[in-house]
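Novice: The sequence isn't on hand, but the structure is:
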């Protein structure tokens, strides 16, 4: 048995002559949060659609929950839940009826009533359970949508841009819900164009740009891959500052506040080497801080352009 | 087993939709009755339909009108299901694929039959006095239900083929016009040249004539055979087209 919830290799997809995915390989460990990060049009939704059996890839294979997406479609569908970018709820049904519909389609029988009541409670929708979904706010619709996805207790949940267009408060509520799912052992495959979201939620991040993965790793690893991490050294007086300048020739001096910016990845090894070197010349450092870039810097460094929309509040 | 269960769930969903949307119910049930009042009480005395009460002539045509008026809602509903994302939710669930369509077919046929029964009921109150035997009543009802089924499948195919719910709803416009260019209101041979030929050869005329003959107790074999042929033709065309469009959508 593998402990990989999702394994994909060489996924390709083109619409007409526009290549959307140009060979994507990825692995998602069971019980983890995997985030696919990229701007609009990078191919995130296409990846989700392929892995969730909505779309056939032109090339490549994938196993989801240990089953092949092409030949064991039904088994894959039984194991997954998908919440798309646009809430797919039934507007002419109430919140509760939407959940009942899912329970009936999952053949939950009498137990369905209990599942529905629990989900309404957990998603704080009990008060509006009896009103039509068409009257719900954007945040409530997303919550209802996700609750509908969870009726069948999927082991793997795909969330395609779950917070796009939500206000900051609703976004935080969504994040808490996702963390709760992870605590229950659910695997989450999350796409987002918000760098902060991937940073907050994901165990692993893959950066998708123009149909290709340009980087993969933990949020921390990605940040360290990027030139631009640096160590800031502040000195107590100008004597120390001047001698440090002579020793650390690659540093950028900021004489006004007696600070040197030393490029480096901020890892323990390079940090020790730096301090050893200062020690050698008996230079005292007043204050030291390591600056790692945020994921937007990562994006810029990896793709040569900024993520298309960075509207993190 | 699972197909029956899933289809029943979808039928419940569509019935709820219908009951929640007053416009749909009005169009399917009340509006045809309003039209019948208008044609029979306001205009009816001005029409020469070759003797007899106008209500006896008009009732079968009004039943066809009732059939057509509700269809726009079905085309719109089918298209909304396909274009507004809910179909993707159904698709990634391990459920019977055709259940969505079965739900629309069953609920549309039920709603339309209800509308037609209401028209016949009101027609009786207005003095409709058919001479049909029990067997002829059954035959008329059977032919009408077959017509509903055929037109429903064609409507669903239009709903699946349309780009948006709005353009799907537009399908209802020619459908609503068709009875007026048939023998529903006045006999085709009273119409002007061109229109008359159209009315004589379009499918609604033999269906209406067949039902009219059965109601009057004087079945018109030629019209009945033509009506059955049209129903089977429209139904098979609609069914095959709908399944092809559905397969492409899901």
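Specialist: Nice, I can see it. Worth saying up front: this structure is predicted, and the values here are computed from it rather than measured. Residues are numbered from 1 along each chain as shown, chains lettered A, B, ... in the order given.
Novice: Check which helix or strand residue A:7 maps to.
Specialist: strand A:4-15 (DSSP states H and E).
Novice: Helix or strand next in line after that strand, which one?
Specialist: Next helix or strand after strand A:4-15 toward the C-terminus (DSSP H and E): strand A:18-29.
Novice: Next, the buried residues of that following strand.
Specialist: In terms of neighbour count (16 or more other CB atoms under 10 Å in any protein chain shown), strand A:18-29 has its buried residues at A:19-22, A:24, A:26, A:28. For glycine as for every other residue, the C-beta is placed from the backbone atoms N, C-alpha and C.
Novice: Equivalent analysis for stretch A:36-52, please.
Specialist: Those would be A:36-39, A:42-52, for stretch A:36-52 by 16+ other CB under 10 Å.
Novice: and that stretch, how far from the chain's centre?
Specialist: 12 Å (CA atoms, centre = their mean, to the nearest Å).
Novice: Output the below-cut-off pLDDT ranges for chain B.
Specialist: Within chain B, the segments meeting pLDDT under 70 span B:1, B:51.
Novice: Please work out how many residues are found near the residue of it found nearest chain A.
Specialist: Closest to chain A within chain B is residue B:85: 3.5 Å, counting by CB to the nearest CB. Residues lying near residue B:85 (other CB atoms under 10 Å in any protein chain shown) number 16.
Novice: The one 10 residues further on now?
Specialist: Residue B:95 is flanked by 23 other residues according to other CB under 10 Å.
Novice: same for whichever helix or strand residue B:208 is part of, what does it pack against?
Specialist: Here residue B:208 sits within helix B:204-216, counting by DSSP H and E. Under the contact criterion of 3 or more CB pairs under 8 Å, 6 or more residues apart in numbering or on different chains; DSSP states H and E, helix B:204-216 touches helix B:54-69, helix B:134-161, helix B:221-249.
Novice: what's next to it, contact-wise?
Specialist: Residues from elsewhere that reach helix B:204-216 (CB atoms under 8 Å, 6 or more residues apart in numbering or on different chains): B:56-57, B:59-61, B:63-64, B:130-132, B:136-137, B:139-140, B:143-144, B:147, B:178-179, B:182-184, B:188, B:199, B:219-220, B:222-224, B:226-227, B:230-231.
Novice: which of those residues are buried?
Specialist: By 16+ other CB under 10 Å, the contacts of helix B:204-216 give B:56-57, B:59-61, B:63-64, B:130, B:132, B:136, B:139-140, B:143-144, B:147, B:178-179, B:182-184, B:188, B:199, B:219-220, B:223-224, B:226-227, B:230-231 as buried.
Novice: Return the most buried member of the helices and strands packed on helix B:204-216.
Specialist: helix B:54-69 (a mean of 25; mean count of other CB atoms under 10 Å in any protein chain shown).
Novice: three-state assignment of residue A:222?
Specialist: At residue A:222, secondary structure determined by DSSP: H, G, I helix; E, B strand; the rest coil is helix.
Novice: Just give the number of residues close to it.
Specialist: Residue A:222: 26 surrounding residues under other CB under 10 Å.
Novice: residue of the stretch 101-250 of chain A with the smallest distance to chain B?
Specialist: In the stretch 101-250 of chain A, the residue that lies nearest chain B is residue A:104 (4.3 Å; CB to the nearest CB).
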